[in-house]
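1. I'd like to go over a predicted model; first the sequence, then the structure.
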Amino acid sequence: MQLLNMKKFLNWQKQFKVKTIMKNYVNKLYFFVLLALLSACKISKNVETPNAALPENFRNAATTADTNSVADLPLDSFFTDASLQRLLDSAIVKNYDMQVALKNIESAQLLFKQTKFAYLPSANLNIGVGSSRPSDNSLNGLSASSFLGTTHIEDFTANVGLSWEADIWGKIRNRNGRALAEYLQTIEAKNAIQTNLVATVSQGFYNLLMLDAQLAIAQKNLALNDSTIKIFGFQFTSGQVTSLAIQQAEAQRLTAAKLIPQLQQSIILQENALSILAGELPGRTQRDINLDQVSFPKTLSAGVPSAMLTRRPDIRRVELALDVANANVGIAKASMYPSLVITASGGINSFKASNWFSIPASLFGLASGGITQPLFQRNLLKTQYEVSKVERERTVIQFRQSVLYAVGEVSDALVKIEKLKEQEDIAATRVRTLEQAITNSNLLFQSGMANYLEVITAQSNVLQGELELVAIKRAQLSANVDLYRSLGGGWK
């Protein structure tokens, strides 16, 4: 009877152990399933890229079904002059702002590559040797004297410690997303620098061609004034004009002569500026063409406004800033919730150096897990969370503002191209009229039907008219470059 009761007790005990093991297993399984579900939860909803207010077509753009944009052209197709292409190639490679931007990309890339290790536990190797001399009257001193037969205690330890935080609320995921967005921002920043650099260099080059043309005009006008003074001299000798006519002609000649050193100074300053932009010491800028030989594609299509958003690096950078802001909101929100940290350590430990590496007697191990919930810092964390949301809202406003400015820049460039063409036609007609007036005034003066003031006035008007016409041509070229840049061209 007792044997039967003993068997029943053993069977019951065995079943109890099995049930206990199964219960513990199920509890652990529930825990990990819950952990996985929590890890998949998103405690912060991302704000999508807002819809910017875009017109169907740019203002002053020609109505066409062509959706292609001049910004899609590569540099060598838009800027066809070989001397300008060499200058742009040098600037893109040697310009120091570009080099700094490339280093920023390299730095951000290294930081981004490091994010793939964010989900791994941190591991530390610790090796320690210690020796303590407790008081003989203390518990440790009495124990050491009685059981170890020594007055000091040595401790030799070598262990590996692991620590892992479960990404329950997506804190690590958001940090990785922020690192990716910041890396992509450096690329867009480099593209934006290149776009502005290309526009600045090309406009400086066209300004140099304008100065060359204005210098040639001033020199031609100076030669014309010299011949006029000679004619007035003959007339003065014969008593047909007074000395006042010669003095007025000389004053007009000096006006043209004064322009020459001014323009030469401006040419050297512009060449120095272009050299510095190209990352070179100040020197002469080679140019193989003159202002009248510069040409652009006949059709400068602006395309559709929505396509501009994907081309302009500054807008793309603000879009990525919104990704960073979303990640910061998620990180700030996750910091307010409990964090689960699991730690483990294992190694060898001994009171004697001779037994330090005695395996397995010196082996030890420790594992623990804990949940940490911030208490007194909750107000601070909540404030940080609210600030991050405000920063995100500000980024949305900045995105809309950048789109608005971009649309305005394209419209400004289009109206400049249109109206400068009209101004060029009028200015060219005016110059042709003034050139004819010079011829007529000289003939009338020689025949005594016009006075010397009419001759001098005609020459002065031609000088100003030709200088103005050249300036308008240069403004036209700059407007074409502005359109190319504002549409997002220049970095491909």
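-> That came through, no problem.
2. tell me which stretches of the stretch 151-300 of the chain form strands.
-> Under the criterion DSSP state E, counting those that start in this stretch, the stretch 151-300 of the chain contains strands at 153-165.
3. so where is it shaky, pLDDT-wise?
-> 226, 228-229, 231-246 (pLDDT under 70).
4. that one: helices as residue ranges?
-> Using DSSP state H, counting those that start in this stretch, the helices of the stretch 151-300 of the chain run over residues 171-237, 243-277.
5. to Leu483, which of those helices lies closest?
-> helix 171-237 (10.2 Å; Cβ to Cβ). Where you see a C-beta, it was placed from the backbone N, CA and C, and this is true even at glycine.
6. run the angle between that closest one and strand 153-165 for me.
-> For helix 171-237 against strand 153-165, the angle by axes from the mean of the first three to the mean of the last three Cα atoms, to 10 degrees is 70 degrees.
7. now helix 171-237, how far from the centre of its chain.
-> The chain centroid and the centroid of helix 171-237 are separated by 22 Å under Cα atoms, centre = their mean, to the nearest Å.
8. helices and strands around that helix, which ones?
-> Packing partners of helix 171-237 (3 or more Cβ pairs under 8 Å, 6 or more residues apart in numbering; DSSP states H and E): helix 82-94, helix 96-114, helix 243-277, helix 313-334, helix 378-446, helix 452-486.
9. domain ranges for this protein?
-> Per the record, the chain has its domains at 45-119+168-338+376-486, 122-166+340-372, by automatic domain parsing.
10. now the terminal residues of the first one, how far apart.
-> Translated: domain 45-119+168-338+376-486. By Cα to Cα, to the nearest Å, the extent of domain 45-119+168-338+376-486 from end to end equals 33 Å.
11. now Arg284, nearest residue through space, not along the chain?
-> Once flanking residues are discounted, Arg284 sits nearest to Glu271: 5.9 Å by Cβ to Cβ, 6 or more residues apart in numbering.
12. rewinding a little: output the helices and strands packed on helix 171-237 in a markdown table; the columns should cover distance to Asn225.
-> Shown next, in a markdown table, are the helices and strands packed on helix 171-237 (distance: least, Cβ to Cβ, whole Å):
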| stretch | distance to Asn225 |
| --- | --- |
| helix 82-94 | 33 |
| helix 96-114 | 45 |
| helix 243-277 | 4 |
| helix 313-334 | 50 |
| helix 378-446 | 11 |
| helix 452-486 | 6 |
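13. residues in contact with stretch 186-201?
-> Residues from elsewhere that reach stretch 186-201 (Cβ atoms under 8 Å, 6 or more residues apart in numbering): 75, 84, 87-88, 91-92, 95, 97-98, 101-102, 104-105, 107-108, 274, 277-278, 312-314, 316-317, 320, 481-482, 484-485, 488-491.
14. go again with 6 Å.
-> Here stretch 186-201 makes contact (Cβ atoms under 6 Å, 6 or more residues apart in numbering) with 87-88, 91, 95, 97-98, 101, 104-105, 108, 277, 313-314, 316-317, 481, 485, 490-491.
15. same check on stretch 460-478?
-> The set of residues external to stretch 460-478 that reach it, using Cβ under 6 Å, 6+ apart, is 203, 206, 210, 213-214, 217, 221, 252, 291, 294, 420, 423-424, 427-428, 430-431, 434-435, 438.
16. 8 Å instead, please
-> Under the criterion Cβ under 8 Å, 6+ apart, residues 203, 206-207, 209-210, 213-214, 217-218, 221, 252, 255-256, 291-292, 294, 296, 416-417, 420-421, 423-424, 427-428, 430-431, 434-435, 437-438 lie in contact with stretch 460-478.
17. winner for burial among the helices of the stretch 151-300 of the chain?
-> Among the helices of the stretch 151-300 of the chain, the stretch with the highest mean neighbour count (mean count of other Cβ atoms under 10 Å) is helix 171-237, at a mean of 19.
18. thinking again about what came up before, the helices of the stretch 151-300 of the chain: which one's closest to Ala325?
-> When those are compared by Cβ to Cβ, helix 171-237 sits nearest Ala325, at 9.1 Å.
19. tell me what angle that closest one forms with helix 452-486.
-> Computed by the same axes, to 10 degrees, the angle separating helix 171-237 from helix 452-486 equals 170 degrees.
20. give the contact list for the residue nearest to Arg284.
-> 208, 282-285.
21. ditto for Ile342
-> Residues near Ile342 by Cβ under 8 Å, 6+ apart: 121, 163-166, 367-369.
22. against Thr115, how distant is it?
-> The gap separating Ile342 from Thr115 is 21 Å, by Cβ to Cβ, to the nearest Å.
23. same check on Lys421?
-> The gap separating Lys421 from Thr115 is 53 Å, by Cβ to Cβ.
24. same check, this time on Arg394
-> As judged by Cβ to Cβ, Arg394 and Thr115 stand 26 Å apart.
25. neighbour count winner among those two?
-> Higher neighbour count among Arg394 and Thr115: Thr115, with 17 against 12, using other Cβ atoms under 10 Å.
26. ok, the more buried one touching Arg178?
-> No. Taking Cβ atoms under 8 Å as the definition, Thr115 is not a contact partner of Arg178, at 9.1 Å.
27. centroid residue for this protein?
-> Most central in the chain under Cα atoms, centre = their mean is Ala189, positioned 1.2 Å from the mean C-alpha point.
28. Arg378 versus that residue, what's the distance?
-> Separation of Ala189 from Arg378 (Cβ to Cβ): 37 Å.
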